[in-house]
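[1] Next one to model:
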Amino acid sequence: WEQVVEYAFLANFNLLRDTREDISQRPWAHPTAHFAIDTYFKMRRAEEEIEHLNIEICRVITYMCDEECFLHTCEEKISNIHPALAHQVSQRRKRHSQFNGSHLKRLHDIAILPGF
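    Modelled structure (predicted):
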């Protein structure tokens, strides 16, 4: 049964169908080797993804802090000119502040993990 599955796996590749030598006995043609190679490349891709996420986490934190400062500054600037608009900006800032704390906490927890 295992040999049938192995040949079925190898039959999926046109490159392997029309060869003169039997490459099914090569070490890289066995399912175990294929699994090991596949796992290796998945791990490499995961390491790359972690690097990208570490950069994105810093960007998200910066965005959240900058947005808080921007909304606060806008609110102060327009409070005397247009109180109704300043109130809406204040409401938006407060809404964002409610979830920013929990998100910043989680991002901080991620930032202290090894490999960040």
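
[2] contacts and neighbour counts: CA atoms only from here.
    Noted.

[3] tell me the contacts of residue 90?
    71-72, 75 (C-alpha atoms under 8 Å, 6 or more residues apart in numbering).

[4] Could you export those residues as TSV, including neighbour count, distance to residue 104 and pLDDT?
    Output for the contacts of residue 90, formatted as TSV (neighbours: other C-alpha atoms under 10 Å; distance: C-alpha to C-alpha, whole Å; pLDDT from 0 to 100):
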residue	neighbour count	distance to residue 104	pLDDT
71	19	18	93
72	16	18	93
75	21	23	93
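
[5] Throw those into JSON lines and include distance to residue 88 and secondary structure, thanks.
    Converted to JSON lines, the contacts of residue 90 look like this (distance: C-alpha to C-alpha, whole Å; DSSP: H, G, I helix; E, B strand; the rest coil):
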{"residue": "71", "distance to residue 88": "10", "secondary structure": "helix"}
{"residue": "72", "distance to residue 88": "12", "secondary structure": "helix"}
{"residue": "75", "distance to residue 88": "9", "secondary structure": "helix"}
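
[6] now, which of the residues you listed sits nearest residue 27?
    Closest approach between the contacts of residue 90 and residue 27, by C-alpha to C-alpha: residue 71, at 61.8 Å.

[7] got a list of what the closest one touches?
    89-90, 93.

[8] make it 10 Å
    77, 86, 89-94, 96 (C-alpha atoms under 10 Å, 6 or more residues apart in numbering).

[9] Okay, and which of those map to helices?
    77, 86, 89-94, 96 (DSSP state H).

[10] Can you get me a residue count around residue 41?
    11 (other C-alpha atoms under 10 Å).

[11] cool, the one 10 residues further on as well?
    When neighbours are defined as other C-alpha under 10 Å, residue 51 has 13 of them.

[12] okay, the nearest residue to it once chain neighbours are set aside: pLDDT?
    Among residues not flanking residue 51 along the chain, residue 116 sits closest, at 7.9 Å (C-alpha to C-alpha, 6 or more residues apart in numbering). Listed pLDDT for residue 116 reads 81.
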